[in-house]
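*Asks:* Fold the following for me, if possible:
(chains A and B)
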Amino acid sequence: MLPRMKKAITENPKKLSNLIDLVNLPSTLRDFLGQSQISRLGCFMRVWSYIKANNLQDPNNKNVVNCDDKLRSILLGKPRVELAELPTLIKLHFPKEPK
Amino acid sequence: MRILALISLCLLSILGALAVSPTLSSGGGGVSSLISKAEFEQMLKHRNDAACEGNGFYTYEAFIAAADAFDGFGTTGDNDTKKREIAAFFAQTSHETTGGFSTAPDGPYAWGYCCVTEQGDPPDYCVADIQQYPCTPVKKYFGRGPFQITYNYNYGPAGIAIGIDLLRLPDLVATDPIISFKTALWFWMTPQYPKPSCHDVITGRWTPSAAHLAAGLVPGYGVITNIINGGIECGRGSNPLQEDRIGFYKRYTLRTVPFPASSLLKNRQAVVQSEIPNPLPKPHRFPNKTPKKNPPQTSKLPTISFTSPSLSDAKTLFNSLINSTPADLKFHNSLLQSYAAVSSLDDATSLLRHMTKTHPAFSPDHSTYQVLLTKSCYSPDPNLTAVRKTLNLMAAEGFPPDKATTDVAVRSLCNAGRLEHAVELVKEFCLKNSPPDSVTYNFLIKHLCRTRTVSSVNGFIKEMRESFAVKPDLVSYTILIDNVCNRKNLREATRLLGLLSEDGFKPDCYVYNIVMKGYCMLSQGSEVLWVYKKMKEEGVEPDMVTYNTLIFGLSKSGRAKEARKFLGVMAEMGLSPDEVTYTSLMNGMCREGNASGALELLEEMEAKGCSPNSCTYNTLLHGLCKAKLLGKAIELYGVMKAGDVKLETGSYGTFLRTLCRNGRVAEAYEVFDYAVESKSLKDVVAYSTLESILKWLKKAKEQGLAV
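*Replies:* Below you'll find the predicted structure:
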């Protein structure tokens, strides 16, 4: 028998709402995004397109982002961030998933 | 393993659709995947007969080339819809070009596509006052091609749509098969004002307006006939032309009738008999069947639709119409239907009584009462009181229950979700000497299978047989076997096969395919092979579906090498493997770790002119990633991206994970972007996959596992 498939995120209301519910933003993020509410998914998409639009990926290693001042303000002040840790860093601004 | 399961599910769903239709195989992708050359030849069997004008003209390749030029044709909706559209297209065009007669070899419906041009001495069909589409001197615009396109006002826009000046060169429609098919597809795909396009009707994208409804048009095959030749064929009840169109459609869809039989039935009762008032009298006339005639005058009745459930309003409206309308049955039926749609059953009954009283020339018949019967079946009711009341009314008016009544009631009850009541009523009808015919009975069985347990369905069948002598036929058995196979109860399927033989039936290819599919789902390769051998022994010729199922089943049970041998067997049988065949096989090879072999198979299939579909690509992408051939996987992804092929959840996850594991996070982000842009996956799904993979990567790095 085939193993049971893991449930898709769309079937888990708690996880889903943690991703797509609008959240009131802290001032740093509000300044960066220019709006007072956004979902976690929306925030990730905005930050990622900001990185692409401003060519912030390191030309020698695309896996690394060289933050500009604006980006640094929302990513714990780090000058360089790995793309792999981007979701985790953004998650810090959002309330934790209820257990 | 989770992803393997996903991909095999995607294959399975394709196979499921395949097994449902013995006529037209499917598999996503272009039209060529829905109808193979062999099926085309079988369908239009005698078109190249020496006696046919079209001998050698209409080719499969020309049809596919033309079909691929029309976005949406045969590629809209689910597989059933696609197949239905193609069947309906060929049925309608076959009627236009038939060379059949009732005693023709293989029957009249095997002779579609015999003619190319209108026979006899046709006039020029030029309507000179349409300045938009001026006629070319000497040229004639008589019927040509699959749809027998006629008149300058049809040649003109068709030419514009396909980019060829058909007003100047109308003969091309009879000399170039691709152009010929294109004109037919143009007519099929283009709305014929004020009627919708045939394409929209058959794919269910057309919602009738109040005016359409009042004219009695509900979506169905009959509407298409109305669009094509409404002015000439409709509004006269059942006629030979109509029967001919339906006959072709039935042949092409065989026993599965994707358009429910009720829709055909309804067409005969109401739809076909009506006509939308047409501001521009432009019948798309078809030659050599009907003499020139004006559209019947009955179609000029006003279209009325009721919006208020108030009975007194309805009576007032009806009274105002009495003097201006003749006692036309269809018109009155449509009035009643329109009112019943907004009112209660009792009010609708009262309106009918009022109609017969105030307009004595109008005499309601069966079809009128069936409006009320349908209404009573759909009215919420804890028991059958309302239905019985209507039936009693019918009996009192001289219409005791017959097969048509049984059919209407059973279908309506089933569709309204009142299965118990449908069963109860069928038994009552049996007692009143009006047992269901096989179509109605099978419809009921199909519905019962969906919700009831196997033993309860069997119990019902046994009761019907013992108490009322209603016996299951081959179709009933097919439905039952399909049902138990889907529930993975192969033991019961075997038992049913035995019963079927006891009843004197011989399983056909379709039944065997279903049983084989059942064993496929259980990955029982040996049994799959056994079914195939059994078919051979019994002299049942395997078809495309059989081979696809066989190859899928063997691949799935880890016997890809054996499966591969059947590609050669298919070639010997004159069947060309399609993308489903190849994809099943690739899936099997990937499961055995032979991803590079699967990649070679991709080249082979493309060399043979079979184009891969998205499932093929996703299977391969997944296989290559699993086999750690990341370079090849990235190359394949490039091809997919260039061709706008969507990613599936499973292969997307595997590909992303492989990229991240190899330290190519930036590329994983790029794939994420593509998945979102191409709408392959929902944003949330695409993101949460990425997020969890990165989380896993971090953990793996900490433990020193990943690169």
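*Asks:* Could you use CA atoms for every contact and neighbour count after this?
*Replies:* Fine.
*Asks:* Show me the helices in chain A, by range?
*Replies:* With DSSP state H as the criterion, chain A has helices at A:13-20, A:27-33, A:40-53, A:69-74, A:86-91.
*Asks:* ignore the last one, the stretch 101-250 of chain B
*Replies:* B:152-162, B:172-175, B:177-189, B:198-202, B:210-214, B:221-233, B:240-253 (DSSP state H, counting those that start in this stretch).
*Asks:* so which of the helices of chain A comes closest to chain B?
*Replies:* Closest approach to chain B among those is made by helix A:86-91 (6.4 Å; C-alpha to the nearest C-alpha).
*Asks:* And the closest one, what's buried?
*Replies:* A:86, A:87, A:90 (16 or more other C-alpha atoms under 10 Å in any protein chain shown).
*Asks:* Could you do stretch B:453-471 as well?
*Replies:* B:454, B:457, B:461, B:462, B:464, B:470.
*Asks:* Just the ones of the residues you listed in strands?
*Replies:* Among the buried residues of stretch B:453-471, no member is found in strands (DSSP state E).
*Asks:* Closest one of the residues you listed to residue B:177?
*Replies:* Among the buried residues of stretch B:453-471, residue B:470 lies closest to residue B:177 (C-alpha to C-alpha), at 49.8 Å.
*Asks:* Hmm, the closest one is touching residue B:435, no?
*Replies:* Yes: counting by C-alpha atoms under 8 Å, residue B:470 touches residue B:435, with 7.4 Å between them.
*Asks:* which outside residues touch the strand or helix carrying residue B:414?
*Replies:* According to DSSP states H and E, residue B:414 maps onto helix B:403-415. Applying C-alpha atoms under 8 Å, 6 or more residues apart in numbering or on different chains, the set of residues contacting helix B:403-415 from outside is B:262, B:370, B:373-374, B:377-378, B:419, B:421-422, B:425-426, B:429, B:434-437, B:440, B:443-444, B:447.
*Asks:* sorry, back to before: show me the one of the helices of chain A that comes nearest residue B:520.
*Replies:* Using C-alpha to C-alpha, those put helix A:13-20 closest to residue B:520, at 34.5 Å.
*Asks:* contacting residues around residue 74?
*Replies:* Assuming you mean chain A. A:28, A:29, A:32.
*Asks:* actually it's chain B I care about, not the one you picked
*Replies:* B:30, B:31, B:34, B:81, B:82, B:83, B:85, B:86.
*Asks:* before we move on, back to that, mean confidence for the helix holding residue B:414?
*Replies:* Mean pLDDT, helix B:403-415: 91.
*Asks:* How about stretch B:645-654?
*Replies:* Mean predicted confidence for stretch B:645-654 is 94.
*Asks:* where does chain A dip in pLDDT?
*Replies:* Low-confidence segments of chain A (pLDDT under 70): A:1-10, A:98-99.
*Asks:* Near chain A, which residues of the stretch 401-550 of chain B? Just list them.
*Replies:* residue B:522 (C-alpha under 8 Å from any C-alpha of the partner chain).
*Asks:* Show me where the stretch 401-550 of chain B has its helices.
*Replies:* Going by DSSP H, counting those that start in this stretch, the stretch 401-550 of chain B shows helices at B:403-415, B:419-431, B:438-451, B:454-468, B:474-486, B:490-502, B:509-521, B:525-538, B:544-556.
*Asks:* buried stuff in the first one?
*Replies:* For helix B:403-415, a neighbour-count test (16+ other C-alpha under 10 Å) marks B:404, B:405, B:406, B:407, B:408, B:409, B:410, B:411, B:412, B:413, B:414 as buried.
*Asks:* State the distance from the nearest residue to residue A:42 once chain neighbours are set aside to residue A:39.
*Replies:* In space, and not counting its chain neighbours, residue A:42 is closest to residue A:20: 7.5 Å by C-alpha to C-alpha, 6 or more residues apart in numbering or on different chains. With distances taken as C-alpha to C-alpha, to the nearest Å, residue A:20 is found 5 Å from residue A:39.
*Asks:* okay, now the residue of chain A found nearest chain B: neighbour count?
*Replies:* Of all residues in chain A, the one sitting closest to chain B is residue A:63 (4.9 Å; C-alpha to the nearest C-alpha). Residues near residue A:63, counting by other C-alpha atoms under 10 Å in any protein chain shown, number 19.
*Asks:* just residue B:447 next, same as before
*Replies:* Neighbours around residue B:447, by other C-alpha under 10 Å: 16.
*Asks:* Model confidence at it, what's the number?
*Replies:* 95.
*Asks:* and if you look at residue B:438?
*Replies:* Reported pLDDT for residue B:438: 91.
*Asks:* contacting residues around it?
*Replies:* By C-alpha under 8 Å, 6+ apart, the neighbours of residue B:438 are B:472, B:473.
*Asks:* same thing but at 10 Å, please
*Replies:* Contact partners of residue B:438, counting by C-alpha atoms under 10 Å, 6 or more residues apart in numbering or on different chains, are B:444, B:470, B:471, B:472, B:473, B:475, B:476.
*Asks:* ok, now residue B:596?
*Replies:* B:586, B:589, B:590, B:602, B:620, B:623, B:624, B:627, B:629, B:632.
*Asks:* Pull out the buried residues from those.
*Replies:* Using 16+ other C-alpha under 10 Å, the buried ones in those are B:586, B:589, B:590, B:602, B:620, B:623, B:624, B:627, B:632.
*Asks:* Settle this for me: the second one is touching residue B:597, isn't it.
*Replies:* Right, the one you point to is residue B:589. Yes: using C-alpha atoms under 10 Å, residue B:589 is in contact with residue B:597, at 7.0 Å.
*Asks:* I'd like the contacts of residue B:596 as CSV, with distance to chain A and secondary structure appended.
*Replies:* Formatted as CSV, the contacts of residue B:596 follow (distance: C-alpha to the nearest C-alpha, whole Å; DSSP: H, G, I helix; E, B strand; the rest coil):
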residue, distance to chain A, secondary structure
B:586, 19, helix
B:589, 18, helix
B:590, 16, helix
B:602, 26, helix
B:620, 20, helix
B:623, 17, helix
B:624, 21, helix
B:627, 20, coil
B:629, 21, coil
B:632, 21, helix
